[in-house]
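> how does the following fold in three dimensions:
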Amino acid sequence: MRPLFLLAVLSLTCQLQAQSTLADLKARLVKQPLYLRGRWRDDKLFFDTSGQLIGTSAPTTFTIAGIEIRSVDLKADRLILKGRRAGLEFKHDQPKRVVIDKEAVQIEIAAPPAGDYTVPLERILTPKLPDLLLAVPSYWLPFVQQHLLPSELPHAPGAAGSSDQMPSSRSSRPGPDAPSAAQPFKVGGSVTAPRLVVQAEPQFSPQARSMQYAATVLVQLVVDANGDPSHPVILRPAGLELDERALAAVAHYKFVPATSNGRPVPVEVNIDINFQIF
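Sure thing, here's the model as predicted:
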């Protein structure tokens, strides 16, 4: 009889965890701090019965991948979720979740055979921000690993060996006149600072502009011996996609390169990118 008892317990557990009634779905979803696992940019998203996206949607940054669901409509053939996109602002290196009022999002999920939406919802939504941070671009890695990932989690997979990765400024460095083969020079002593000669204005993200959000992004990069920027790293983010907009502007910068004893050399510099509302 023991196997039958265990089977009954397992069956009861599955029934308790099932997400098949309107009341269950509302309790789980409405006004909860959720994030889109796929960081999908589109505001109208369609999924099959397993939670697989139908069609395509370009990914966006994790700082505007949140969602606040406001209504749940359970139909015979699909589940319809409507809500507002949510984002992250950063204050003192800590994320603050904010709802973007004008960003309406609609998600439709085809009805699973048994009417239980547990599996597709798990694949589409998560309440845990770290679930979005295990495969961030290399320019986010130092900040994410130090400030946003729990210490018990491993570093983001694929980080090692990324072609555009640059170590954080908090890591140890050799002296300014004797970098290793993999390290840029540091300004000081015989090493002069590069001089900015071409600058591009950063463009606000629609989310930040709609919220009148002014902020500053601190970017670390290497100015190579030709005066071109490379290996960007976000040291102090602003959120709401302003960090990516800052890097897009910096990519168009041009410098008179730094020199060491009159010879052009690559150097590491920090640059503030300001987003101001006028």
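> please spell out the segments of the chain that come in under the pLDDT threshold.
1-19, 151-182 (pLDDT under 70).
> show me where it has helices.
2-17, 22-29, 118-124, 141-143, 206-210, 242-250 (DSSP state H).
> quick check, distance from the shortest one to the centre of its chain.
For helix 141-143, the distance from its own C-alpha centre to the chain's C-alpha centre is 11 Å (C-alpha atoms, centre = their mean, to the nearest Å).
> identify the residues contacting I109.
By C-beta atoms under 8 Å, 6 or more residues apart in numbering, I109 lies in contact with F47, D48, T49, G51, R78, L79, L81, Y117, P120, L121, I124. Glycine gets a C-beta too; all of them are placed from N, C-alpha and C.
> same deal with M211?
M211 makes contact with V98, I100, L240, according to C-beta under 8 Å, 6+ apart.
> by neighbour count, which of these wins?
L240 (28 neighbours; other C-beta atoms under 10 Å).
> can you pull the contacts of it?
63-64, 87-89, 98, 100, 205, 207-208, 211, 213, 215.
> next one: A110
Counting by C-beta under 8 Å, 6+ apart, A110 has contacts F47, D48, T49, D77, R78.
> in strands, which of those residues fall?
F47, R78 (DSSP state E).
> now the contacts of A110: which count as buried?
Buried subset of those (neighbour count, 16 or more other C-beta atoms under 10 Å): F47.
> of the contacts of A110, just say which sits nearest to R236.
F47 (36.0 Å; C-beta to C-beta).
> doesn't L53 make contact with that closest one?
Yes - using C-beta atoms under 8 Å, F47 is in contact with L53, at 5.8 Å.
> rewinding a little: tell me the two of the contacts of L240 that are most distant?
In terms of C-beta to C-beta, the contacts of L240 reach their longest pairwise distance at I100 and A215, which sit 15.0 Å apart.
> and L133, how far is that from T61?
11 Å (C-beta to C-beta, to the nearest Å).
> which of these two has more residues huddled nearby?
Between L133 and T61, T61 has the larger neighbour count (other C-beta under 10 Å), namely 23 against 18.
> that one: what's it in contact with?
With C-beta under 8 Å, 6+ apart, T61 has these contacts: R39, E241, D243, E244.
> and the furthest pair within those residues?
Farthest apart among these by C-beta to C-beta are R39 and D243. That separation is 14.1 Å.
> between these two, which is the more surrounded one?
Per other C-beta under 10 Å, whichever of R39 and D243 has more neighbours is D243, with 26 against 19.
> surely that one meets V233?
No - the pair D243 / V233 is not scored as a contact, 10.7 Å apart, by C-beta under 8 Å.
> the closest residue to L240 other than its chain neighbours: neighbour count?
Distances taken as C-beta to C-beta, 6 or more residues apart in numbering put A208 closest to L240, at 4.2 Å, once the chain neighbours are dropped. A208 is flanked by 25 other residues according to other C-beta under 10 Å.
> need the strands for the stretch 51-200 of the chain, in chain order.
Along the stretch 51-200 of the chain, counting by DSSP state E, counting those that start in this stretch, strands occupy 66-74, 78-91, 94-110, 125-126, 195-198.
> could the ones you listed go into TSV alongside distance to R263?
TSV is the format used below for the strands of the stretch 51-200 of the chain (distance: least, C-beta to C-beta, whole Å):
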stretch	distance to R263
strand 66-74	49
strand 78-91	39
strand 94-110	43
strand 125-126	51
strand 195-198	16
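> closest one to D228 among the ones you listed?
Comparing the strands of the stretch 51-200 of the chain by C-beta to C-beta, strand 195-198 comes nearest, at 10.4 Å.
> contact partners of that closest one?
G227, H252, Y253, K254, F255, V256.
> need those residues in JSON lines (columns: neighbour count and distance to G188).
Formatted as JSON lines, the contacts of strand 195-198 follow (neighbours: other C-beta atoms under 10 Å; distance: C-beta to C-beta, whole Å):
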{"residue": "G227", "neighbour count": "19", "distance to G188": "19"}
{"residue": "H252", "neighbour count": "11", "distance to G188": "27"}
{"residue": "Y253", "neighbour count": "18", "distance to G188": "21"}
{"residue": "K254", "neighbour count": "16", "distance to G188": "23"}
{"residue": "F255", "neighbour count": "20", "distance to G188": "17"}
{"residue": "V256", "neighbour count": "14", "distance to G188": "18"}
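> alright, calling it a day.
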